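Engineer: when you get a sec, could you give me coordinates for this:
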Amino acid sequence: MHLQRRHFLTLAASAALAGPVRAAGKLKLVATTGMIADTARQIGGDLVEVQALMGPGVDPHSYRQTRSDIVTLTRADVVLRHGLYLEAQMEDLFDKLSRRVSMHAVGVAVPPEQLIAHPNYADKKDPHVWMVPTLWTHVVRQIAGAIIAKLPNAQDQIEASTVAYLTQMQALQSYAETTLATVPEPARVLLTAHDAFGYFGRSFGYEVIGIQGISTESEAGLNRIAELVDLLVTRKITATFVETSVSDRNIRALIEGAAARGHMVQIGGELFSDAMGPDGSYEGTYIGMIDHNVTTIARALGGTAPDRGLNGRLAAGS
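Structural biologist: Numbering: from 1, shown residues only. Next comes the predicted model:
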C-alpha cells in the first residue's frame, strides 16, 4: 500500500473511533478558527458544510463561546478545534462536549519534537503552528482523516483534493523561503504585538520579538516597553508590525518612545497572526493569509517580493 494512502487510512481509522459514520447529505463541520475552517473546505469541497466560530480579527486566546456557539457545536457532525491551549477559554466546554460530539484537536497532529515549548509553562506548547506551511501539512492530513472517517465512500475524492492542497502548501513554503531570504540578514528582526511568529522565525531564520507573550492574555508592562524602546534605538530597527487580531496600543507606544529619543520607526504593515483576512477575500484563505504575511514582511524589511504576492492575488497595497 502506498505510504501516503496508508497514512490517510490510519488517520481515518483513529477518527472513526470518535463517532458514527455519516450516512447521507453534507457533513456538518464546525471549526474554531478560520485557518482550520478554510483547510476543511479545501479538502472537503462540496461534500462538507463548514462553519467557523471565530471570524476575521477575532483573538482565539481570549475568545469565549456564545450561547449560539454552544448550539452550533452540539449540532455538528464533526468539531475541529486547534488544541495546544489556543482556545484557552473554551477548554472546559470542549471537555464536556467531547462526550457527545465527534471532536478533534487537529493542532496536536504536529509531531511533539517539532513544537516549541512555552517559556512560562512546562506542560504547554506554542500553538501558532499554522505560521509555517510545512507544519500545517500535519494538520491538513489530520483534517482529511477526520472527514474520511465520516464519509468513507468519498475517500478517493477527499484524498485527491488533499494531495492537491498539499502541493499548494509546498509551493507556499518554497515561496516563503525564497522571498524571506532576500531580506538582508541584519534586518531579519520581526517585532510584533504578541509572540505568534516563533515557528515562522525558526523556519525562516528571523529573530522574533513579541511585546506580549505567546498568549495575548499576558500583559506588557512599562518596563517591557522601555526595554524594547532601547532595543529599537540601539539596534537601529526601523520597522515594526501590527496584527489584525491584537490591539496596536503597545506598538504605538514603542514608536512614540523611540521617536522621543530621536529614532524613527514605522509600521511595516499589518499581519495576520491568529485570524485570517476578510471573508471572501484571498487573504481570507489560509494560503492568502501566509502569502500576505511573507510578502509584507519581506518588502517592509528591505527584501524583494512581487507586488501581489505568490499567486498575484493579494489586494493592492498589501
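
Engineer: helices of the stretch 151-300 of the chain, start to end?
Structural biologist: Along the stretch 151-300 of the chain, counting by DSSP state H, counting those that start in this stretch, helices occupy 155-180, 198-204, 222-234, 249-260, 286-300.

Engineer: what packs against the third one?
Structural biologist: I take that to be helix 222-234. strand 207-212, helix 249-260 (3 or more CB pairs under 8 Å, 6 or more residues apart in numbering; DSSP states H and E). Every residue, glycine included, has its C-beta placed from N, CA and C.

Engineer: from those, which stretch is densest packed?
Structural biologist: strand 207-212 (a mean of 19; mean count of other CB atoms under 10 Å).

Engineer: who does it pair with, and is each partner parallel or antiparallel?
Structural biologist: Using DSSP bridges, the strands paired with strand 207-212 are strand 189-194 (parallel).

Engineer: what about the partner strand, average pLDDT?
Structural biologist: Taken as a whole, strand 189-194 has a mean pLDDT of 87.

Engineer: what residues sit buried inside it?
Structural biologist: In terms of neighbour count (16 or more other CB atoms under 10 Å), strand 189-194 has its buried residues at 189-194.

Engineer: and the contacts of it?
Structural biologist: 197, 200-201, 206-216, 218, 228, 232, 235, 237, 239-243, 246-248, 250-251, 254, 271, 273, 297, 301 (CB atoms under 8 Å, 6 or more residues apart in numbering).

Engineer: what is the end-to-end distance of stretch 181-190?
Structural biologist: 14 Å (CA to CA, to the nearest Å).

Engineer: got the buried residues for that stretch?
Structural biologist: So, applying 16+ other CB under 10 Å, buried residues of stretch 181-190: 183, 187-190.

Engineer: closest one of these to residue 161?
Structural biologist: For the buried residues of stretch 181-190, the closest approach to residue 161 (CB to CB) belongs to residue 190, at 33.0 Å.

Engineer: tell me how many other residues crowd residue 230.
Structural biologist: 13 (other CB atoms under 10 Å).

Engineer: one more: residue 74?
Structural biologist: 12.

Engineer: hang on, the earlier thing: how about JSON lines for the buried residues of strand 189-194, with distance to residue 286 added?
Structural biologist: JSON lines is the format used below for these (distance: CB to CB, whole Å):
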{"residue": "189", "distance to residue 286": "26"}
{"residue": "190", "distance to residue 286": "20"}
{"residue": "191", "distance to residue 286": "24"}
{"residue": "192", "distance to residue 286": "19"}
{"residue": "193", "distance to residue 286": "21"}
{"residue": "194", "distance to residue 286": "20"}
